[in-house]
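Student: this one's structure only:
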């Protein structure tokens, strides 16, 4: 992942629900009342790049708590995880989160959540197999819902696979 | 008439000028390829061993030197097609076993590996990234703990 990777930047901008652990003067515009303070225990959605830093920085040297606490984002709630476990192929990743793999990667790195990685890897394997199937049958017009449910990484994967299969067929025919 | 081993590209030039005949390789016969095909069917989990460039060489020879081959072109073409398809199905099946660290490609020829390459590389790369996101942070924290202990030891002296 490089500095100029657009998908990386986009996934950094994904909003994460957070709770403030202290009252911050003048930050009220975050929840829509400009000029006011943001109260302790307010829930706000912050982009990941900001939330990550604030969640790690400690308030002061004595206290253990940080500026904000991260809550579980929507894309990781039990409902989504259960749907993934039940049938990875029928989950509409794109509408849940268009950079699902990247974000789960970042999330897991922050919390060392190997269980999440386990689930996501299994899903990737299942879905990649299916993507390969679709990419091999590029001749037929496929208007399956599955192709619309791909996340950004999977779209790229589908494209490269389909292109390489096409080139292979052309070479064999020539 | 003399036999000589020369590179394929020279042979093709000489052949096009009617200055030589190409002796087809041993494996480019219907009988041999048929036996390989049966072997593929008999061993559902392994690839039979074929030359590293079997698809490319056979394609070139069939196109440019078909009159030198011992068997008929159409028969050869169809058995090569069958062989390719049965191997393709097997390698597709093998893709279910992808993981982040290694892939077994025993018996596959160059072209067959290259055919899989774009797909396999991206998936394995992603799996590796996913796994590293957890393992490296764990490794780092372990290293830090180790460093802390080491500095504690220093304090004792």
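Tutor: It's in. Nothing here was measured: the structure is a model prediction, and the numbers come from that model.

Student: Which residue does chain A have closest to chain B?
Tutor: Residue of chain A nearest chain B, by Cβ to the nearest Cβ: residue A:109 (4.0 Å). Using the backbone N, CA and C atoms, a C-beta is placed for each residue, glycine as well.

Student: Next, count neighbours for that residue.
Tutor: The tally of other residues near residue A:109 (other Cβ atoms under 10 Å in any protein chain shown) stands at 20.

Student: Leaving aside the residues adjacent along the chain, what's closest to it?
Tutor: Setting aside the residues directly before and after it, residue A:109 is nearest to residue B:133 in space (Cβ to Cβ, 6 or more residues apart in numbering or on different chains), at 4.0 Å.

Student: which secondary structure element contains that neighbour?
Tutor: Taking DSSP states H and E as the criterion, residue B:133 maps to helix B:110-156.

Student: any idea how far residue B:76 is from residue A:77?
Tutor: Distance of residue B:76 to residue A:77, computed by Cβ to Cβ, to the nearest Å: 59 Å.

Student: on that earlier part again, just give the number of residues close to the residue nearest to residue A:109.
Tutor: Counted with other Cβ under 10 Å, the neighbours of residue B:133 add up to 23.

Student: Okay, it and residue A:111: tell me how far apart.
Tutor: With Cβ to Cβ as the criterion, residue B:133 and residue A:111 are 10 Å apart.

Student: for residue A:9, same thing?
Tutor: Distance from residue A:9 to residue A:111, by Cβ to Cβ: 22 Å.

Student: before we move on, back to that, report the mean confidence score over the helix holding residue B:133.
Tutor: Helix B:110-156 comes out with an average pLDDT of 74.

Student: Is chain B within reach of the helix or strand of chain A with the lowest mean pLDDT?
Tutor: In chain A, no helix or strand scores lower on mean pLDDT, DSSP states H and E than helix A:145-148, which sits at a mean of 82. No - judged by Cβ under 8 Å from any Cβ of the partner chain, helix A:145-148 and chain B are separated, with a smallest distance of 15.6 Å.

Student: residues of the next helix-or-strand element following that helix that come out buried?
Tutor: Toward the C-terminal end, the helix or strand that comes next after helix A:145-148 (DSSP H and E) is helix A:152-173. By 16 or more other Cβ atoms under 10 Å in any protein chain shown, the buried positions in helix A:152-173 come out as A:152-154, A:157-158, A:160-162, A:164-165, A:168.

Student: Same check on stretch A:44-56?
Tutor: A:44, A:46, A:48, A:51-52, A:54-55.

Student: likewise stretch A:58-71?
Tutor: Of all the residues in stretch A:58-71, those buried under the rule 16+ other Cβ under 10 Å are A:66-70.

Student: I'd like these as CSV, with secondary structure and pLDDT appended.
Tutor: Below are the buried residues of stretch A:58-71 laid out as CSV (DSSP: H, G, I helix; E, B strand; the rest coil; pLDDT from 0 to 100):
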residue, secondary structure, pLDDT
A:66, strand, 79
A:67, coil, 81
A:68, strand, 83
A:69, strand, 84
A:70, strand, 85
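
Student: and the two most separated of these?
Tutor: The distance between the two most remote of those (Cβ to Cβ) is 10.8 Å, for A:67 and A:70.

Student: Touching both of these two, which residues are there?
Tutor: Any residue near both residue A:67 and residue A:70 by Cβ atoms under 8 Å, 6 or more residues apart in numbering or on different chains counts here, and that gives residue A:55.

Student: thinking again about what came up before, surely the residue nearest to residue A:109 is in contact with residue A:108?
Tutor: Yes - taking Cβ atoms under 8 Å as the definition, residue B:133 is a contact partner of residue A:108 at 5.1 Å.

Student: Need the residues touching each of those two.
Tutor: Both residue B:133 and residue A:108 are in contact with residue A:117, where contact means Cβ under 8 Å, 6+ apart.
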